[in-house]
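Chemist: sequence? don't have it. structure:
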């Protein structure tokens, strides 16, 4: 719960009251479950699992392919959607710890795996068999984000590497690829969904692929995780700047989304720090009780307390790695190559 900045002289008393209220409700302020900010369905599932609940309507599987770990979370119905806070659909996560390194062979492996999974979801969305390929299919790639803000520039940078073929394609046996960087509302004064509806009406694509930067719960997933989903995307949702969603319902054609987390909220970092401090305190004979008290608060109550302390001072602060520029640059090539291989096999 975010406190108003004008709380002033009453802030200390109100903060205490809020903590007491939180404890009475088992880590839930006002009787509502406090959500940890993440765009990754994998992390949403981890939050639910950590709370000891295994909701109906959510299917989970994981496997490895070389140095890449893959996780698929499938939300099958409204009950699963409510539990995870994610729309019904498939959420596929590729975790590749070496993505931040300049290893061309490894990046090629990631691009190949991304291409295989992208092709699988595209065939499902277009109701095609994999062996059919995509002859004559028109794909519109959309690079979401602000090219002038490095952590938010992934989408535009990917589009800068995508080889568009719409104006040169003259063979109906090949797919057609076009692209657009619609900018952000502060630059255009228009919602991204409004811009895309006009483009879709004029160019008649069969499928939209939206690429965007995301927010994660865990620092270790920044720049090393790619999420692919068939549920579309909500531009700006990673930093709480909600816009009209880019979904099949809003655009009229299937929408696949590729996202990479590039920022993490400061409260999430602080919570990880609190957990580490609690574990360290429990090891000392003189501080054992303090660590136990922190651990007994539970993850949601810890997060609530940290938000109440940090938000009035720092607002909604998000953190990004120091090497984010190089990371985004490398990822933009990897993702664009995955798109090329998925539809052209090259």
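Modeler: Thanks, I have the structure now. Here the structure is a predicted model, which means the values were calculated and not measured. Numbering: from 1, shown residues only.

Chemist: The closest residue to residue 56 other than its chain neighbours: what secondary structure?
Modeler: Closest residue in space to residue 56, ignoring its immediate chain neighbours: residue 79 at 5.2 Å, by C-beta to C-beta, 6 or more residues apart in numbering. No exception for glycine: its C-beta is placed from N, CA and C like everyone else's. What DSSP: H, G, I helix; E, B strand; the rest coil gives for residue 79 is helix.

Chemist: Give the buried residues for stretch 149-159.
Modeler: Neighbour-count burial for stretch 149-159 flags 150, 151, 152, 153, 154, 155, 156, 157, 158, 159 (criterion: 16 or more other C-beta atoms under 10 Å).

Chemist: same check, this time on stretch 198-210
Modeler: 199, 205, 206, 207, 208, 209, 210.

Chemist: Pick out whichever of those residues sits closest to residue 337.
Modeler: Here the nearest of the buried residues of stretch 198-210 to residue 337, counting by C-beta to C-beta, is residue 209; it sits at 13.6 Å.

Chemist: show me where this structure has strands.
Modeler: For the chain, the strands defined by DSSP state E occupy 58-65, 68-75, 89-95, 138-143, 176-180, 207-216, 225-229, 255-265, 318-319.

Chemist: I'd like the mean pLDDT over the longest one, please.
Modeler: Just to be clear, that refers to strand 255-265. Strand 255-265 comes out with an average pLDDT of 91.

Chemist: Give me the below-cutoff pLDDT ranges for this structure.
Modeler: Residues of the chain that meet the criterion pLDDT under 70 lie in 1-38, 41, 44-55, 169-172, 235-243, 267-279, 281-282, 284-316, 346.

Chemist: Look up which residues are beta-bridged to the nearest residue to residue 226 once chain neighbours are set aside.
Modeler: Nearest in space to residue 226, with sequence neighbours left out and distances taken as C-beta to C-beta, 6+ apart, is residue 94 at 4.5 Å. With DSSP bridges as the criterion, residue 94 is bridged to residue 70, residue 226.

Chemist: Tally up the residues packed near residue 94, please.
Modeler: Applying other C-beta atoms under 10 Å, we find 22 other residues in the vicinity of residue 94.

Chemist: Could I get the contacting residues of it?
Modeler: For residue 94, the contacting residues are 68, 69, 70, 110, 113, 114, 117, 225, 226, 227, 228, by C-beta atoms under 8 Å, 6 or more residues apart in numbering.

Chemist: quick one: which of those is nearest to residue 326?
Modeler: Using C-beta to C-beta, residue 110 comes nearest to residue 326 of the contacts of residue 94, at 16.0 Å.

Chemist: isn't that closest one right next to residue 97, touching?
Modeler: No - here residue 110 lies out of contact with residue 97, judged by C-beta atoms under 8 Å, at a distance of 10.7 Å.
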